[in-house]
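Engineer: Model the structure of this input:
(one chain, ligands or ions: 1)
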Amino acid sequence: MAKIGIVYYSMYGATYELAKAIAQGVEKAGGEAHLRRVPDPLLPDEVKASDGVRESIEAQSEVQLADAAELEEFDGIVFGSPTRYGSATSQLQAFLDTTGGQWQSGALVGKAAGFFTGAATMHGGHETTIMSMATFAMHHGMAVVPLGYGNAAEVGSTTTGGSPYGPTQLGNGDGLSDDEESIALAYGDFFNGIADKLAA
Ligand SMILES: Cc1cc2nc3c(=O)[nH]c(=O)nc-3n(C[C@H](O)[C@H](O)[C@H](O)COP(=O)(O)O)c2cc1C
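Structural biologist: Numbers count the residues shown, from 1 in each chain. Now for the predicted structure:
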C-alpha cells in the first residue's frame with residue numbers, strides 16, 4: 001500500500017478542498033493519504049483574523065504541519081498551492097526551501113511527485129503555477145506525475161478547473177465544481193497507482 005503525502009498551503013480554503021478530494025481518491029484506490037499543511041509565518045495577524053481567512057484557519061487546525069524529514073517516509077508527495085501572480089505562494093515555497101537536507105542526501109530521488117493549484121480567474125496562472133512548482137521535483141530527481149487527458153474524461157470538457165497538468169480549482173471560495181472534484185478524485189487514484197509501482 002502506497003503512503004502518499006499531500007502537502008499544501010491554503011489561505012481561503014479552496015486548495016484545502018482540493019487536497020481533501022485528492023486524499024479521497026488515494027484512499028479509494030487503497031493508498032494511505034496524509035494531509036499536511038505548511039507553516040504560515042508570513043501572514044499578518046490582522047489578515048489571519050479577517051473574514052474568510054479566520055474560518056479557513058479554524059477548519060484546517062486539525063491538519064498536521066508538514067515537516068521536511070517526514071517527506072522521506074512517503075512513497076509519493078503531491079504539493080499544492082494557490083496561485084499568487086502566476087506562481088506558488090511564498091508559504092509553499094518557503095517549505096520547499098527547507099528540503100536542502102533531502103536534496104543533499106538524495107532522499108526523495110525516484111519518488112512520485114504531483115502538483116495542484118487554484119486561481120480566481122480562468123487565465124490567471126493555473127499552468128504557470130504548476131510548471132513553476134514542478135522544478136522542485138526535477139531538482140530532487142523525483143518522477144513528475146501529471147494527470148494527462150486519459151485518466152479523467154472531464155479534463156477534456158471542464159469549463160471550471162481541472163487540467164492535464166494536475167488538479168486545479170477556479171474561483172473564489174465557492175467550493176469545488178463537480179468536474180474539479182471528479183478530476184481531483186481521479187488524480188488521487190492515478191497518482192497512488194504510479195507511486196505504488198515506483199516504490200515496488
Ligand atoms: C496576493 C494574491 C495574489 C493572487 N494572484 C492571483 C493570480 O495571479 N491569478 C489568479 O487567478 N488568482 C490570484 N489570486 C487568487 C487566488 O489564487 C485564488 O483565490 C485561490 O483560489 C485561493 O486559494 P485558497 O482558497 O486555497 O487560498 C491571488 C490571491 C492573492 C491573495
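
Engineer: State the distance from Ala134 to Gly118.
Structural biologist: To Gly118, Ala134 is 16 Å away according to C-beta to C-beta, to the nearest Å. No exception for glycine: its C-beta is placed from N, CA and C like everyone else's.

Engineer: Compare the two and say which is more crowded by neighbours.
Structural biologist: Here Ala134 and Gly118 are compared on neighbour count by other C-beta atoms under 10 Å; more neighbours surround Gly118, at 29 against 19.

Engineer: Quick check: phi and psi on that one?
Structural biologist: Gly118 has phi and psi values of phi -150, psi 150 when expressed as degrees, to the nearest 10.

Engineer: Quick one: name the residues of this protein near the ligand.
Structural biologist: Taking C-beta under 6 Å from any ligand atom as the criterion, the chain approaches the ligand at residues 10-15, 82-86, 118-121, 124-125, 169, 172-173.

Engineer: could you say what helices and strands the longest helix that the chain contains packs with?
Structural biologist: Secondary structure assigned by DSSP state H gives helix 178-199 as the longest helix of the chain. Helices and strands touching helix 178-199, by 3 or more C-beta pairs under 8 Å, 6 or more residues apart in numbering; DSSP states H and E, are strand 3-8, helix 14-28, strand 76-84, strand 112-119, strand 168-170.

Engineer: I would like the residues contacting the shortest one, please.
Structural biologist: Looking back up the chat, that one is strand 168-170. Here strand 168-170 makes contact (C-beta atoms under 8 Å, 6 or more residues apart in numbering) with 14-15, 17-18, 116-122, 126, 130, 160-162, 176-177, 180.

Engineer: Could you tell me how far the nearest residue to His140 once chain neighbours are set aside is located from His139?
Structural biologist: Closest residue to His140 apart from its sequence neighbours, by C-beta to C-beta, 6 or more residues apart in numbering: Leu108 at 4.3 Å. Distance from Leu108 to His139, counting by C-beta to C-beta: 10 Å.

Engineer: Which one's more surrounded, those two?
Structural biologist: Ranked by neighbour count (other C-beta under 10 Å), Leu108 and His139 place Leu108 first, with 23 against 12.

Engineer: Which phi and psi values does that one adopt?
Structural biologist: With angles defined as degrees, to the nearest 10, Leu108 sits at phi -100, psi 0.

Engineer: re the thing from before, in CSV: the helices and strands packed on helix 178-199, plus mean pLDDT.
Structural biologist: Formatted as CSV, those follow (pLDDT from 0 to 100):
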stretch, mean pLDDT
strand 3-8, 98
helix 14-28, 98
strand 76-84, 98
strand 112-119, 98
strand 168-170, 97
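
Engineer: Out of the ones you listed, the one nearest Asp189 is which?
Structural biologist: helix 14-28 (4.6 Å; C-beta to C-beta).

Engineer: now the closest one and helix 178-199, what's the angle there?
Structural biologist: 50 degrees (axes from the mean of the first three to the mean of the last three C-alpha atoms, to 10 degrees).

Engineer: Many thanks, have a good one.
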